[in-house]
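Enquirer: Below is the sequence, then the predicted model.
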Amino acid sequence: MVLEIITYPDKRLWEVSKPVEVFDGSLHALLDNMYETMLARDGIGLAAIQVAVPLNVLIINLVNEEGFQDKAELKEVINPVILEKNGTTVYKEGCLSVPEFYEEVERAKAITVRYQDRFGKVIEERLEDLWAIAMQHEMDHLAGKLFIEKISYLKRKKFDKEFKKRQREKA
Ligand SMILES: CC(=O)Oc1ccc(/C=C/C(=O)NCCc2ccccc2)cc1OC(C)=O
Ligand SMILES: [Co+2]
């Protein structure tokens, strides 16, 4: 089912998530619900903390060349660890937990990551470009970090001003 996505400045977004110990039906249900929620909200990545579950679980499903999200390319990532980082790249990121705000973030261009799949099998992969960006963005969520904490001081001031303006408009 589609779950509620918590949004900035909900303090739970700064919680540090915990490792998954049991790869059971409830984990599978969480992954399925996260996928449905991400698609319903036009997302390409989602971390469990964004649906208020502080577990080291994230999913990524980028849009492919034909321009749609192929479920065959869905990555279900549990207990990820980055083993290696190479190069740097900048990309204008967005986040379902920080709606309507996009900003350039600098990240590693390529990473080697080790994680487990929904059955606990260990996978080691080298990711590049948008896959690497998305993995780093979602893994930051597991450490209680948002992309707006990685932008320059001036861009963060712009975000704060923008956010307050929208709050006033809504009030
Ligand atoms: C209005 C609004 O909030 O728009 C959106 C903003 C962000 C998003 C999704 C962002 C997302 O999936 N981010 C995953 C992390 C990531 C960021 C950059 C590159 C790779 C991975 C979707 C939005 O909704 C629509 C309809 O476009
Ligand atoms: Co995000």
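Expert: Perfect, thanks for sending it. Numbers count the residues shown, from 1 in each chain. Ligands and ions are numbered 1, 2, ... in the order given.
Enquirer: Test for you: state the pLDDT assigned to the closest residue to Glu149 other than its chain neighbours.
Expert: Leaving aside its sequence neighbours, Glu149 sits nearest to Arg156 (Cβ to Cβ, 6 or more residues apart in numbering; 7.8 Å). For every residue, glycine as well, the C-beta is placed using N, CA and C. We have a pLDDT of 96 for Arg156.
Enquirer: Tell me the residues on this structure that lie near ligand 1, please.
Expert: 42-45, 91, 93-96, 99-100, 130, 133-134, 137 (Cβ under 6 Å from any ligand atom).
Enquirer: one step back: touching, the residue nearest to Glu149 and Ile148? I think so.
Expert: Yes: assessed by Cβ atoms under 8 Å, Arg156 is found in contact with Ile148 at 6.4 Å.
Enquirer: So for those two, which sits in the more crowded spot?
Expert: Set side by side, Arg156 and Ile148 show more neighbours around Ile148, with 19 against 14, by other Cβ atoms under 10 Å.
Enquirer: wouldn't the more buried one be in contact with Glu103 here?
Expert: Yes: the pair formed by Ile148 and Glu103 meets the contact definition of Cβ under 8 Å, at 6.7 Å.
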